[in-house]
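[1] Below is the sequence, then the predicted model.
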Amino acid sequence: MQSIYQRIEQLIKERGMTKKAFCEQLGISTGNFGDWKRGKTTPGTNKLIEIASFFNASLDWIMLGREVQGEALKESKDLYFFGASGQLNCQGESLGKAEKDFILEYIEFTRFRKEKNQSNSTIE
């Protein structure tokens, strides 16, 4: 029987990624990933959900190694925020064009600030 780590490792290989790239994209330290491999720890609930979403895999399969039986409930992949990103359905039809444009601009500004902070922290 495969461990959670082995199933995650299988998903990484199927995606054609390196383990390092996987860790970087999901914000996992290589030390934590190594602890998962050695069976010292396992990913927390939030990280398992993030991994399942990243690979479009079921939590049942990642955690228990079993395939989903019957019809599964899946979150809609519809875009929120007027097509800009995921999460937080904010009933866009009640907002005007100027309000939607402002929100989209703020999202882009937030991404810019995040990238700038990340690049500044790597310089220090």
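    On my side now, so go ahead. Residues are numbered from 1 along each chain as shown.
[2] gap between the helix or strand containing Gln118 and the chain center?
    For Gln118, the host element (DSSP states H and E) is helix 97-123. Between the centre of helix 97-123 and the centre of its chain there are 19 Å (Cα atoms, centre = their mean, to the nearest Å).
[3] Find the nearest non-adjacent residue to the spatially most central residue of the chain, please.
    Nearest to the mean C-alpha position of the chain, by Cα atoms, centre = their mean, lies Glu50 at 4.0 Å. Excluding the flanking residues, the one nearest Glu50 by Cβ to Cβ, 6 or more residues apart in numbering is Leu26, at 6.1 Å. Glycine gets a C-beta too; all of them are placed from N, C-alpha and C.
[4] Surely that neighbour touches Leu48?
    No. Leu26 is beyond contact range of Leu48, at 10.9 Å (criterion: Cβ atoms under 8 Å).
[5] quick one: the helices in the chain?
    Under the criterion DSSP state H, helices of the chain are mapped to 4-15, 19-26, 30-38, 45-55, 59-64, 97-123.
[6] Provide a list of residue ranges in this structure with pLDDT below threshold.
    Low-confidence segments of the chain (pLDDT under 70): 68-94, 121-124.
[7] swap the cut-off to 90 and go again
    1-2, 45, 56, 58-60, 64-124 (pLDDT under 90).
[8] and Gly65, how far is that from Ser58?
    Taking Cβ to Cβ, to the nearest Å as the measure, Gly65 falls 11 Å from Ser58.
[9] just to revisit the earlier point, ok, the residue nearest to the centre of the chain to Ile12 distance?
    Plainly put, Glu50 is 14 Å away from Ile12 if you go by Cβ to Cβ.
[10] and what of Ile28?
    For Ile28, the distance to Ile12 (Cβ to Cβ) stands at 11 Å.
[11] and for these two, which residues touch both?
    Residues touching both Ile28 and Ile12 (Cβ atoms under 8 Å, 6 or more residues apart in numbering): Phe22.
[12] quick revisit: in the helix holding Gln118, what's buried?
    Going by neighbour count (16 or more other Cβ atoms under 10 Å), the buried part of helix 97-123 is 100, 103.
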